[in-house]
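> The sequence isn't on hand, but the structure is:
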């Protein structure tokens with residue numbers, strides 16, 4: 001049973017989500033305050049965090065940053081629940097480490113679908129990538145969800161992991177942003193091509209020696225991205 005932590009100060013929404021998530025088979029716990037949220041998550045060890053941005057006593061963006069800095073929580077999917085609907089707010093949310101961004105008011109069924117998307121696995125399915133992928137000094141273990149660079153563990157978010165796994169399992173293949181969105185985020189989504197650029201940038205900052213001159217994930221001018229270690233590709 002997947003455990004979800006909800007940080008949401010609206011008591012009615014908290015109760016509504018708790019009822020529906022538990023009805024769907026999830027275990028849910030949480031706080032109606034942002035104070036101590038990171039420590040609460042550290043103790044609860046959730047499989048996913050639902051996080052309101054505009055909490056009365058805390059900033060959800062800062063809580064997300066705290067989760068991403070904690071080595072035990074860094075790979076935990078985070079979905080923002082917020083009334084902030086502008087594209088700038090969405091991009092900021094993704095850039096600091098959120099896996100998804102849901103604007104209030106929302107349909108509960110849509111949120112549940114987005115949660116399930118975060119838990120979508122590939123292990124054991126036909127055509128799934130090998131359990132361990134190794135290339136360019138990177139080692140990705142799809143079973144343990146761990147990534148190492150020259151033996152050093154990396155803290156990747158769940159979405160960063162899925163994107164890297166998809167690219168590493170198909171070296172040399174060039175994918176458009178739309179193809180990557182469909183493969184990693186699924187067709188039921190509310191994000192734009194810009195999200196792919198954001199996540200590629202974040203991956204490069206973690207896996208490249210010099211993110212400004214990448215040797216693992218390359219941009220292909222006018223099209224998209226490819227994973228091909230040590231091959232120079234025309235930059236977009």
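That came through, no problem. What you are looking at is a predicted structure, and each value in this text was computed from that prediction instead of being measured.
> Flag the shaky bits of this structure, pLDDT-wise.
For the chain, the stretches with pLDDT under 70 are 121-130, 187-190, 230-236.
> Tell me where this protein has helices.
Here the chain has its helices, by DSSP state H, at 11-23, 37-44, 60-69, 87-95, 108-118, 158-168, 177-180, 194-207.
> Let's have these in TSV, adding mean neighbour count and distance to residue 131.
Bear in mind the C-beta positions are built from the backbone N, C-alpha and C, glycine included. Formatted as TSV, the helices of the chain follow (neighbours: other C-beta atoms under 10 Å; distance: least, C-beta to C-beta, whole Å):
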stretch	mean neighbour count	distance to residue 131
helix 11-23	14	30
helix 37-44	18	28
helix 60-69	19	26
helix 87-95	17	29
helix 108-118	17	21
helix 158-168	22	11
helix 177-180	16	22
helix 194-207	18	19
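> okay, those in JSON lines with distance to residue 223 next?
Output for the helices of the chain, formatted as JSON lines (distance: least, C-beta to C-beta, whole Å):
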{"stretch": "helix 11-23", "distance to residue 223": "39"}
{"stretch": "helix 37-44", "distance to residue 223": "39"}
{"stretch": "helix 60-69", "distance to residue 223": "30"}
{"stretch": "helix 87-95", "distance to residue 223": "22"}
{"stretch": "helix 108-118", "distance to residue 223": "25"}
{"stretch": "helix 158-168", "distance to residue 223": "14"}
{"stretch": "helix 177-180", "distance to residue 223": "8"}
{"stretch": "helix 194-207", "distance to residue 223": "12"}
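> Residue 226 is nearest to which of those?
Residue 226 lies closest, by C-beta to C-beta, to one member of these: helix 158-168, at 7.3 Å.
> Could you tell me the angle between the closest one and helix 87-95?
80 degrees (axes from the mean of the first three to the mean of the last three C-alpha atoms, to 10 degrees).
> Kindly report the domain assignment for this structure.
3-118, 132-227 (automatic domain parsing).
> Which residues lie in contact with residue 6 in this structure?
Contact analysis of residue 6 by C-beta atoms under 8 Å, 6 or more residues apart in numbering lists 14, 17, 18, 21, 28, 29, 30, 31, 49, 50.
> Quickly list what it is bridged to.
When assigned by DSSP bridges, residue 6 has beta-bridge partners residue 30, residue 50.
> Any chance you could list what contacts stretch 214-231?
Looking at what lies outside stretch 214-231 - C-beta under 8 Å, 6+ apart - the contacts are 135-138, 164, 167-168, 170-177, 179-180, 196, 200, 203-204, 207-209, 232-236.
> Okay, buried residues for it please.
Buried residues in stretch 214-231, counted by 16 or more other C-beta atoms under 10 Å: 214-220, 224-229.
> Just put those in CSV and tack on distance to residue 72.
Putting the buried residues of stretch 214-231 into CSV (distance: C-beta to C-beta, whole Å) gives the following:
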residue, distance to residue 72
214, 29
215, 30
216, 26
217, 27
218, 32
219, 33
220, 36
224, 34
225, 30
226, 33
227, 28
228, 33
229, 30
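> and the residues you listed, which of them are in strands?
Within the buried residues of stretch 214-231, residues falling in strands by DSSP state E are 217, 218, 219, 220, 224, 225, 226, 227.
> State the distance from the last one to residue 141.
What that stands for is residue 227. The gap separating residue 227 from residue 141 is 17 Å, by C-beta to C-beta, to the nearest Å.
> for the fourth one, same thing?
Distance of residue 220 to residue 141, given as C-beta to C-beta: 28 Å.
> No more questions from me, cheers.
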